[in-house]
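[1] Next input, structure requested:
(one chain, ligands or ions: 1)
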Amino acid sequence: MITAPDIHAISTFVTEQKQAGRTIAFVPTMGALHAGHLDLIRVARTEADIVIVSVFVNPTQFGPNEDFSAYPRTLDDDLRQCEQAGAAAVFCPEKEELYSATSYIGFELSGLGDHLCGAARPGHFNGVIQIVNKLFNIVKPDVAVFGQKDIQQFRILEVMAHEFNHDIRIIMGRTVRAADGLALSSRNRYLTREERIIAPALFSTLQETSHALQQLPAATNVAAQIQNLLEGAAARLNSAGFRTDYVQCVRYNDLQPPHTFEAREIYVLAGAAFLGKARLIDNLLFTLLQP
Ligand code: PAF
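    As a prediction, the model looks like this:
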């Protein structure tokens with residue numbers, strides 16, 4: 001495996017691979033790798049001849065009061081894990097390699113950023129689009145794999161790839177969970193032992209709520225019932241010890257809240273909640289049980 005600290009090194013590697021006729025699958029990460037990332041690399045290996053991973057804690061997707069400086073940085077361990085997982089190269093640039101002092105261009109997300117983390121973290125997805133566009137242009141992959149845990153990010157990047165004509169297949173990797181259901185996340189390491197015991201309640205609350213949502217009738221205005229179920233879920237999380245940021249239900253396609261449920265439409269039930277210093281997110285995709 002090669003470690004590429006700058007654009008020149010990764011571009012040379014990419015050119016060589018393309019000249020040899022190899023296809024490239026790409027797994028962008030912010031490092032602090034865990035079994036969830038390794039599963040994305042595993043999926044990536046099935047989709048192309050070689051896998052390139054990037055490790056870069058992207059400053060532009062963090063808000064002023066967020067955890068950019070505290071975000072775990074474990075590059076040596078990340079490189080070891082990437083090598084063991086069968087990655088061919090890791091692109092791990094410094095900030096100055098990717099950003100000049102000023103950026104003059106932003107992205108308009110329209111409705112895709114109105115809800116979920118887009119509403120709770122203003123500017124976050126602008127930063128994600130900015131960095132993933134850069135990485136796509138540098139790594140020039142055939143396929144890119146992103147996890148379902150960041151479902152809004154996934155949908156936005158799917159749309160971005162389409163609208164910006166990146167000739168890249170965007171593939172969703174599953175959410176990998178601990179035995180008690182907690183979605184693996186680099187931010188789980190902020191949890192104290194007591195908080196770690198409470199943390200799986202985010203997933204179990206989403207599971208119960210999605211079962212209830214799935215029972216609602218199709219093609220009928222169910223906005224009030226949805227609202228009741230979402231408020232009940234937030235109240236359950238708060239009484240378990242979380243500070244709920246949101247529990248929301250949106251259509252997968254346009255990330256807008258539904259008033260009616262329709263057959264064949266895919267919905268997202270997503271939650272974000274603070275436990276001490278950690279902001280945990282999770283989601284489930286569902287369709288109606290009886291359309
Ligand atoms: O999901 C992440 O880790 C980041 O948002 C990403 C896609 C690597 C962009 O910095």
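[2] So which residues on the stretch 51-200 of the chain come close to the ligand?
    Asn58, Gln61, Val128, Ile131, Val132, Asp150, Gln153 (C-beta under 6 Å from any ligand atom). All C-beta spots, glycine's among them, are computed from the backbone N, C-alpha and C.
[3] check contacts around whatever residue of the stretch 151-291 of the chain ends up closest to the ligand.
    For the stretch 151-291 of the chain and the ligand, the shortest gap (C-beta to the nearest ligand atom) falls at Gln153, measuring 5.7 Å. Gln153 sits next to Cys117, Phe125, Val128, Phe146 when contact means C-beta atoms under 8 Å, 6 or more residues apart in numbering.
[4] State the distance from Asp6 to Pro217.
    With distances defined as C-beta to C-beta, to the nearest Å, the gap from Asp6 to Pro217 amounts to 57 Å.
[5] same thing with Ser185?
    Here Ser185 is placed at a distance of 35 Å from Pro217 (C-beta to C-beta).
[6] Please identify which of the two sits among more neighbours.
    Per other C-beta atoms under 10 Å, whichever of Ser185 and Pro217 has more neighbours is Ser185, with 23 against 13.
[7] Make sure the more buried one is actually in contact with Asp150.
    No: Ser185 lies out of contact with Asp150 (C-beta atoms under 8 Å); the separation is 9.6 Å.
[8] Report the set of residues contacting both of these two.
    In terms of C-beta under 8 Å, 6+ apart, Ser185 and Asp150 are both contacted by the residues Ile281.
[9] which residues touch the residue sitting nearest the centre point of the chain?
    With the centre of the chain defined as its mean C-alpha position, the nearest residue by C-alpha atoms, centre = their mean is Asp150, 2.5 Å away. With C-beta under 8 Å, 6+ apart as the criterion, the residues that contact Asp150 are Ile281.
[10] got a pLDDT number for it?
    The predicted structure scores Asp150 at 98 on the pLDDT scale.
[11] just the helices in the stretch 151-291 of the chain please.
    In the stretch 151-291 of the chain, the segments counted as helices under DSSP state H, counting those that start in this stretch are 151-163, 193-198, 201-214, 223-240.
[12] now the strands: where do they sit in the stretch 51-200 of the chain?
    Shown for the stretch 51-200 of the chain, the strands assigned by DSSP state E, counting those that start in this stretch span residues 89-91, 143-147, 169-173.
[13] Lys149 contacts Leu280, doesn't it?
    No: the criterion here is C-beta under 8 Å, and Lys149 misses it with Leu280 at 9.8 Å.
[14] out of these two, which sits in the more crowded spot?
    When Lys149 and Leu280 are compared for neighbours, Leu280 comes out ahead with 26 against 21, by other C-beta under 10 Å.
[15] tell me the contacts of that one?
    Applying C-beta under 8 Å, 6+ apart, the residues near Leu280 are Leu182, Ala183, Ser185, Arg187, Asn188, Ala199, Leu202, Phe242, Ala272, Ala273, Phe274.
[16] one more time with 7 Å
    Neighbour list for Leu280: Ser185, Arg187, Ala199, Leu202, Ala273 [criterion: C-beta atoms under 7 Å, 6 or more residues apart in numbering].
[17] For these, please prepare JSON lines with the additional fields pLDDT.
    Putting these into JSON lines (pLDDT from 0 to 100) gives the following:
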{"residue": "Ser185", "pLDDT": "98"}
{"residue": "Arg187", "pLDDT": "96"}
{"residue": "Ala199", "pLDDT": "98"}
{"residue": "Leu202", "pLDDT": "98"}
{"residue": "Ala273", "pLDDT": "98"}
